[in-house]
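S.K.: Next come a sequence and a model predicted from it.
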Amino acid sequence: MREELSVDTVEQVKLQAFQELESASDDAALEQWRVAYLGRSGKITQLLRGLGALDPDERRVVGAAANKAKGVLSDGLDLRIKALKDALLAGRLDTESIDVTLPGLPAPQGRLHPITQTRREIEEAFVAMGFEVREGPEVEWDRYNFDMLNIPKEHPARDMWDTMWVDNENAEGERSMLLRTHTSPMQARIMEATEPPVRVIVPGKVYRYEATDPTHEWHFQQVEGLAVDEGITLANLKGTLFEFARRVFGEERKVRFRCDFFPFVEPGVDMSIDCFKCGGDGCHICGHTGWIEILGAGMVHPNVLSGVGYDPQKYTGFAFGMGVERIAMLKYGIDDVRNFYANDLRFLSQF
Ligand code: DAH
């Protein structure tokens with residue numbers, strides 16, 4: 001005979017369900033319990049299906065009780081699952097032990113950017129020869145970037161540097177503040193503030209108003225060098241830069257100096273090293289010449305010395321400037337300067 005459907009029946013089913021849930025102690029038993037009560041033909045589902053046979057008043061009351069029972073039973077199931085999991089874990093903690101001496105997971109390790117590495121290597125070579133490392137402003141006055149370096153306004157030598165101005169034109173149509181186009185302005189700043197002897201290098205970022213291509217960036221880094229004292233000659237320049245080339249590009253390096261023009265030096269030179277790839281026979285790195293140009297240099301122009309208040313009769317000096325990216329490209333055989341600033345870890349993590 002069919003059991004009569006009432007709030008009592010619902011309560012009884014619920015009670016029985018809870019008792020059985022308490023004794024279900026593994027995944028299989030819990031699943032069995034779920035099917036038996038909450039599954040498609042489970043007891044609670046059956047009760048809900050039977051509601052249709054009741055008269056409306058009863059249906060409302062019994063239906064509410066049955067739905068509530070369904071809710072608390074499925075909450076109960078969730079709690080039971082969690083309790084069993086916790087117990088399992090507690091059991092493991094009691095019986096197992098953790099070996100704190102096991103090696104940990106390796107933490108990903110950062111590294112210095114290849115340009116920073118190269119810059120430091122250049123710095124070390126000069127510091128070892130008694131040079132001091134100084135830095136200067138990247139936003140510079142026209143005066144230091146050009147005038148004090150013997151490059152007056154309207155002089156065609158200014159065309160050697162594509163300039164990014166950062167201020168507006170004044171009434172005369174002139175601008176005076178720029179992103180420095182080279183690190184040379186620090187020559188004047190340092191000499192203005194110091195008495196000779198001076199022996200410094202100035203690493204730092206420089207900017208040019210320029211389209212990028214494999215050998216041009218609109219921003220890059222340079223290392224400037226300056227030595228001023230009584231009796232400094234071109235021989236000192238050659239000795240110092242030769243030593244630098246050997247430290248950075250290998251003991252067996254040869255160097256070559258040729259005349260070049262830079263407004264702030266007289267005479268001006270460029271320095272090349274013999275090709276470390278082909279040893280001077282000629283290859284694609286050295287453009288089949290056997291030589292690679294790596295920097296510009298020269299004896300500080302008397303106008304630059306007197307401009308900062310040094311007596312050019314008493315003091316002489318040499319200066320040089322090199323591009324850090326260029327040095328790094330040569331050292332590592334990189335053919336596109338833009339790689340350095342593309343933030344591609346596949347490239348950067350090779351250094
Ligand atoms: N400032 C020059 C440039 O950016 C590089 C340079 C050449 C610096 C000769 C010097 C030098 O100090 O003597 O092209």
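M.R.: Received it, and whenever you're ready, just let me know what you need.

S.K.: how many other residues sit next to residue 329?
M.R.: For residue 329, the number of neighbouring residues by other C-beta atoms under 10 Å comes to 21. (C-beta placed from N, C-alpha, C; glycine too.)

S.K.: tally of neighbours for residue 285?
M.R.: The number of residues packed near residue 285 is 15, by other C-beta under 10 Å.

S.K.: Check for me that residue 136 belongs to a strand.
M.R.: No: checked against DSSP: H, G, I helix; E, B strand; the rest coil, residue 136 lies outside a strand; its state is coil.

S.K.: for the closest residue to the ligand within the chain, phi and psi?
M.R.: Closest approach of the chain to the ligand (C-beta to the nearest ligand atom) occurs at residue 321, with a separation of 2.4 Å. Per-residue torsions, residue 321: phi -150, psi 140 (degrees, to the nearest 10).

S.K.: just residue 211 next, same as before
M.R.: phi -80, psi 140.

S.K.: which ones are touching it?
M.R.: Under the criterion of C-beta atoms under 8 Å, 6 or more residues apart in numbering, the neighbours of residue 211 are residue 218.

S.K.: what pLDDT does residue 160 get?
M.R.: At residue 160, the pLDDT value in this model is 85.

S.K.: need the contact list for the residue of the chain closest to the ligand.
M.R.: With contact taken as C-beta under 8 Å, 6+ apart, residue 321 is in contact with 182-184, 222-225, 295-297.

S.K.: Among those residues, which one has the most neighbours?
M.R.: Tallying neighbours with other C-beta under 10 Å puts residue 184 at the head of the contacts of residue 321, with 29 neighbours.

S.K.: Ignoring the adjacent residues along the chain, who's closest to residue 339?
M.R.: Nearest residue to residue 339 in three dimensions, chain neighbours excluded: residue 347, at 5.1 Å (C-beta to C-beta, 6 or more residues apart in numbering).

S.K.: Do I have it right that the one you found meets residue 337?
M.R.: No: at 11.9 Å, residue 347 and residue 337 do not qualify as touching, with contact defined as C-beta atoms under 8 Å.

S.K.: about what we covered before: the ligand next: which of the contacts of residue 321 are close?
M.R.: Applying C-beta under 6 Å from any ligand atom to those, one finds that 182, 184, 224, 296-297 fall near the ligand.

S.K.: Let me see the domain layout of this protein.
M.R.: Per the record, the chain has its domains at 7-95, 114-348, by automatic domain parsing.

S.K.: Residue 192 falls within a helix, correct?
M.R.: Yes: with three-state DSSP as the criterion, residue 192 is located in a helix.

S.K.: roughly how far apart are the nearest residue to it once chain neighbours are set aside and residue 206?
M.R.: Spatially, and ignoring its direct neighbours in sequence, residue 192 is nearest to residue 308 (4.8 Å; C-beta to C-beta, 6+ apart). Distance of residue 308 to residue 206, given as C-beta to C-beta, to the nearest Å: 21 Å.

S.K.: Among the two, which residue is more densely surrounded?
M.R.: Each of residue 308 and residue 206 has its neighbours counted (other C-beta under 10 Å); residue 206 has more, 25 against 18.

S.K.: okay, residue 347 and residue 337: which has more neighbours?
M.R.: Of the pair residue 347 and residue 337, residue 337 is the one with more neighbours under other C-beta under 10 Å, namely 20 against 14.

S.K.: Show me which residues of the protein sit near the ligand.
M.R.: Counting by C-beta under 6 Å from any ligand atom, the residues of the chain close to the ligand are 182, 184, 224, 262, 265, 296-298, 319-321.

S.K.: Just give me the neighbour total for residue 119.
M.R.: 22.

S.K.: Show me where the protein has its strands.
M.R.: 132-133, 139-141, 164-165, 177-179, 198-207, 219-229, 255-260, 265-274, 291-300, 316-323 (DSSP state E).

S.K.: and residue 41, which of those is closest to it?
M.R.: Among the strands of the chain, the nearest to residue 41 by C-beta to C-beta is strand 219-229 (73.8 Å).
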